[in-house]
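Engineer: Sequence below, structure please.
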Amino acid sequence: MQKKSLNSLQDLNLAYSTNKDYKPVIETETPDLISKLEQKVRVERFSKLKAGKSICRIFGLEESAETLEKLCKQIKQKCGVGGSVKDGEIIIQGDQVEKVIKILIEIGYKNTKRSGG
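Structural biologist: Numbers count the residues shown, from 1 in each chain. You can find the predicted model right below:
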């Protein structure tokens, strides 16, 4: 018979139960994801990184890391350029702002706008 540490019992908020069939329900928090239609996605041309070369920065996406990676891959393939995901933002190489906005609208992010002039 294995002993449970006090920390595990405190995590369950259960001191003692006489019910032999009792199985504690552990709730896990899932972040509330906003639908694609409600997200305010912004796309901007940014040139302060990479020695002044232009990049396209996509921010405001409230998606999981896996979804951001898949979305980044789709955009890179359609634009024919490189890119990455950093700190919840997608970075695409080159001045691809107009193409990226069209791609995001096609995918379903209807509230996508250009940011920064």
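
Engineer: Okay, strands next: where are they in the chain?
Structural biologist: Assigned by DSSP state E, the strands in the chain fall at 41-46, 55-59, 83-86, 89-93, 112-114.

Engineer: Serialize those strands to CSV and add fields for mean neighbour count and distance to Leu71.
Structural biologist: Heads up, the C-betas are built off the backbone N, CA and C, glycines and all. Output for these, formatted as CSV (neighbours: other CB atoms under 10 Å; distance: least, CB to CB, whole Å):
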stretch, mean neighbour count, distance to Leu71
strand 41-46, 19, 10
strand 55-59, 22, 8
strand 83-86, 16, 8
strand 89-93, 20, 7
strand 112-114, 16, 12
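
Engineer: possible to save these as a markdown table with distance to Thr18 and mean pLDDT?
Structural biologist: Output for these, formatted as a markdown table (distance: least, CB to CB, whole Å; pLDDT from 0 to 100):
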| stretch | distance to Thr18 | mean pLDDT |
| --- | --- | --- |
| strand 41-46 | 54 | 92 |
| strand 55-59 | 54 | 93 |
| strand 83-86 | 51 | 94 |
| strand 89-93 | 53 | 93 |
| strand 112-114 | 57 | 92 |
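
Engineer: Just send the ones you listed back as a markdown table, with distance to Ile34 too.
Structural biologist: Shown next, in a markdown table, are those (distance: least, CB to CB, whole Å):
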| stretch | distance to Ile34 |
| --- | --- |
| strand 41-46 | 11 |
| strand 55-59 | 14 |
| strand 83-86 | 18 |
| strand 89-93 | 16 |
| strand 112-114 | 14 |
